[in-house]
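Trainee: Just to be clear, the model below is a prediction. Sequence and coordinates:
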Amino acid sequence: GEEDIAVTMISPMDPEAFTDFVTLRHRTSQESFHLPTDGVVINEKLAKELQVKEGDSISVDNGDGAMKKVLVREITENYVFHYLYIHPDYYKEIYRLEPENNALLIKLKMDTKEAESLLGKALIDLPQVASVAYYRDASEKFEDSVVSLNAVVYAIILCAALLAFV
């Protein structure tokens with residue numbers, strides 16, 4: 001269609017190590033898969049919004065104004081934000097450029113808010129770092145919104161039951 005949708009494009013520096021940070025899997029079967037070298041992986045909600053399935057093509061702007069058609073090879077489960085995962089070799093083939101490495105995924109040994117805070121402060125003091133984002137924050141916001149939605153659903157069910165009783 002004519003709709004533009006903002007996505008985060010991830011082309012890992014090391015596709016093998018990438019599996020330590022991101023699990024690509026099908027929602028229905030929970031079967032994991034690796035990043036394909038001949039197409040892209042998009043999340044399920046993005047696929048629904050674009051009305052595409054595995055084997056279809058979509059047009060993707062790499063952020064520099066270079067719009068290219070890419071093959072959707074797999075659709076992955078993901079509930080927060082829109083992501084497009086592309087193997088660096090496929091990125092080079094499509095865009096004729098090396099993917100720009102402008103972000104790092106970091107897994108902490110000590111998974112605490114204090115450890116995140118210390119690392120974030122150390123990173124943000126570096127001149128090369130523009131921002132630090134924590135997936136824990138996005139996950140907590142998502143969980144909070146689900147809890148809020150549950151309260152609304154329960155209220156609607158209660159009201160419907162009372163109305164049926166009356």
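Mentor: Received it, and whenever you're ready, just let me know what you need.
Trainee: Strands of the chain, residue ranges please.
Mentor: Ranges of strands in the chain, per DSSP state E, are 8-10, 40-43, 57-61, 67-76, 83-86.
Trainee: so which of those gets nearest Arg96?
Mentor: Among those, strand 67-76 comes nearest to Arg96, with 9.4 Å by Cβ to Cβ. (Each C-beta comes from the backbone N, C-alpha and C, glycine too.)
Trainee: Counting neighbours, which bits of stretch 127-134 end up buried?
Mentor: Across stretch 127-134, burial judged by 16 or more other Cβ atoms under 10 Å covers no residue at all.
Trainee: Provide the contact partners of that stretch at residue level.
Mentor: Residues outside stretch 127-134 that contact it (Cβ atoms under 8 Å, 6 or more residues apart in numbering) are 116, 119-120, 123-124.
Trainee: so how far is that stretch off the chain centroid?
Mentor: Once both centres are worked out by Cα atoms, centre = their mean, to the nearest Å, stretch 127-134 turns out to sit 18 Å from its chain's centre.
Trainee: pLDDT weak spots in the chain?
Mentor: Scanning the chain for pLDDT under 70 picks out the ranges 1, 136-140.
Trainee: So for it, the centremost residue is which one?
Mentor: With distances taken as Cα atoms, centre = their mean, Tyr83 lies nearest the centre of the chain, 3.6 Å away.
Trainee: My guess is that residue contacts Ser11. True?
Mentor: No. Using Cβ atoms under 8 Å, Tyr83 and Ser11 do not qualify as a contacting pair, with a distance of 11.4 Å.
Trainee: before we move on, back to that, pick the most deeply packed of the strands of the chain.
Mentor: Of all the strands of the chain, strand 40-43 has the most neighbours on average by mean count of other Cβ atoms under 10 Å, namely a mean of 25.
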